[in-house]
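**Q** Kindly generate the corresponding structure for this input.
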Amino acid sequence: MNRIGRIIGIVIVAIIGLVIFSLETPWGVVLGAIGIWYFTKKAPFKGKKIVSIALLALSVICVAFGGSDAMATQTTVNEEKIVATAPAESVLSEKAGEEEQESKTSTKETEKKAEEDTKAEKKAKKKAEKKAKADAKAKKKAEKKAKKLAEKKAKADAKAKKKADAKAKKPTEEQALTDAKANGNSTETLQPIMGIDASIQSIELIEGTLKVVYKVEDTWSGNLMLTTFPTKAVSVLEALKDNPNITGYVFERLASMSDAKGHSSTYPVIVVYFSQENAKSINYEAYNIKSYDNFYTVADALRIDMNVYRDTDLQKDGIEPNRGVDNNVFIESANNYGQF
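**A** Numbers count the residues shown, from 1 in each chain. This next block holds a predicted model:
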């Protein structure tokens, strides 16, 4: 029994030693409490109970001192953690500040870029509008120029066409005149003869006799009328002298006349007749045939209104105002006179 007690004592002492040196866990307190309980209730043993009480007391003291050191150590660790954490938090804070600054900078850059983009967009829009206006102006100017050129070309084309038509028409008129001179056998086919003199009012072929009527002259003198009339009539004689369908010519000169009572009327004041045979016999290259005295002298017949006759030198030259011929056309025209 003593031996067992010694063994237990040694064990207890060893545990106490371990507890004292380890100070990591309160095993001595636990074993001392168990020993007190065991040697009090289960196997009462006063000496061992005292040893257990001593162990418990010693363990409490050791735990108290060891715990203080542990707490101090823990405090040191915590402080080290705090010290270690502080820089980290500072770093985090600085990083957060940098990130915030970067965010602000990025935001400012974004806003600045957006503003620059807006300015660039406005500038591009303004430039586009300016270009559009310039293009519209250039287009309008080009259209105006094109229109002007088109109008100019149209006028030139019209003028060229008119000229071409006139040129194309001229040979036709010339051919018609040539045909009329050579073979005209009716009033219609002889119409081109009117182109010889603009003062011709009408022509008419009556039973082989060509009647040529000249337009009315409101302002005239007898001498001027009688001197210009031969030139007009001779041009027709020369043009048609070789036409086999014409046997003679009657030339009428119309004028507006007034009687003593102030009544006015228009009628032929000069009527001259040439046969075709007489027309062929004339030398048209000689100027003297166109002089009024020679013209009225070689005419086959003539009737001159006395009001015109008295105003000329024909009477002095011995040219009578009335000389008849057996031609119905001439007679009819002569009978239209008011005075002879």
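
**Q** How is this structure divided into domains?
**A** Domain segmentation of the chain under automatic domain parsing yields 2-82, 191-334.

**Q** What separates the first and last residues of the longest one, distance-wise?
**A** Taking Cα to Cα, to the nearest Å, the span from the opening residue of domain 191-334 to its closing residue is 24 Å.

**Q** mean confidence score for that domain?
**A** Averaged across domain 191-334, pLDDT comes to 86.

**Q** Please enumerate the strands of the chain.
**A** For the chain, the strands defined by DSSP state E cover 200-206, 209-217, 248-258, 264-275, 301-304, 322-323.

**Q** Dump these into JSON lines; add distance to Glu100 and mean neighbour count as well.
**A** C-betas here are computed from N, CA, C, even on glycine. Converted to JSON lines, these look like this (distance: least, Cβ to Cβ, whole Å; neighbours: other Cβ atoms under 10 Å):
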{"stretch": "strand 200-206", "distance to Glu100": "114", "mean neighbour count": "16"}
{"stretch": "strand 209-217", "distance to Glu100": "113", "mean neighbour count": "19"}
{"stretch": "strand 248-258", "distance to Glu100": "118", "mean neighbour count": "21"}
{"stretch": "strand 264-275", "distance to Glu100": "119", "mean neighbour count": "20"}
{"stretch": "strand 301-304", "distance to Glu100": "130", "mean neighbour count": "24"}
{"stretch": "strand 322-323", "distance to Glu100": "137", "mean neighbour count": "14"}
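
**Q** Those into a markdown table, with extra columns for distance to Asn185?
**A** Listed next are the strands of the chain as a markdown table, based on distance: least, Cβ to Cβ, whole Å:
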| stretch | distance to Asn185 |
| --- | --- |
| strand 200-206 | 7 |
| strand 209-217 | 11 |
| strand 248-258 | 15 |
| strand 264-275 | 18 |
| strand 301-304 | 24 |
| strand 322-323 | 29 |
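
**Q** on that earlier part again, tell me which of the domains of the chain is the most buried.
**A** Stretch with highest mean neighbour count among these: domain 191-334 (a mean of 17; mean count of other Cβ atoms under 10 Å).

**Q** How far away from the center of its chain is it?
**A** 66 Å (Cα atoms, centre = their mean, to the nearest Å).

**Q** ok, now stretch 108-127?
**A** 33 Å.

**Q** buried set for it?
**A** Judged by neighbour count (16 or more other Cβ atoms under 10 Å), stretch 108-127 contains no buried residues.

**Q** rewinding a little: would you list the domains of the chain in JSON lines and tack on distance to Lys119?
**A** Below are these laid out as JSON lines (distance: least, Cβ to Cβ, whole Å):
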{"stretch": "domain 2-82", "distance to Lys119": "53"}
{"stretch": "domain 191-334", "distance to Lys119": "80"}
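
**Q** closest one to Ala134 among those domains?
**A** Of all the domains of the chain, it is domain 191-334 that lies closest to Ala134, at 58.6 Å by Cβ to Cβ.

**Q** quick one: Ser265 from Val216, how far?
**A** Relative to Val216, Ser265 is positioned 11 Å away (Cβ to Cβ, to the nearest Å).

**Q** what sits in contact with each of those two?
**A** Contact with both Ser265 and Val216 is made by residues Ser256, according to Cβ atoms under 8 Å, 6 or more residues apart in numbering.

**Q** List just the one of the domains of the chain that sits closest to Lys162.
**A** For the domains of the chain, proximity to Lys162 was assessed by Cβ to Cβ; domain 191-334 is nearest, at 18.5 Å.

**Q** got a list of contacts for stretch 193-207?
**A** 173, 177, 180-181, 184-187, 190-191, 210-216, 232, 235-236, 239-240, 245-247, 254, 328-329.

**Q** contacting residues for Phe39?
**A** Taking Cβ under 8 Å, 6+ apart as the test, what Phe39 contacts is 45-46, 48-49, 52.

**Q** at 10 Å instead, please
**A** Listed by Cβ atoms under 10 Å, 6 or more residues apart in numbering, the contact set of Phe39 reads 8, 45-53.
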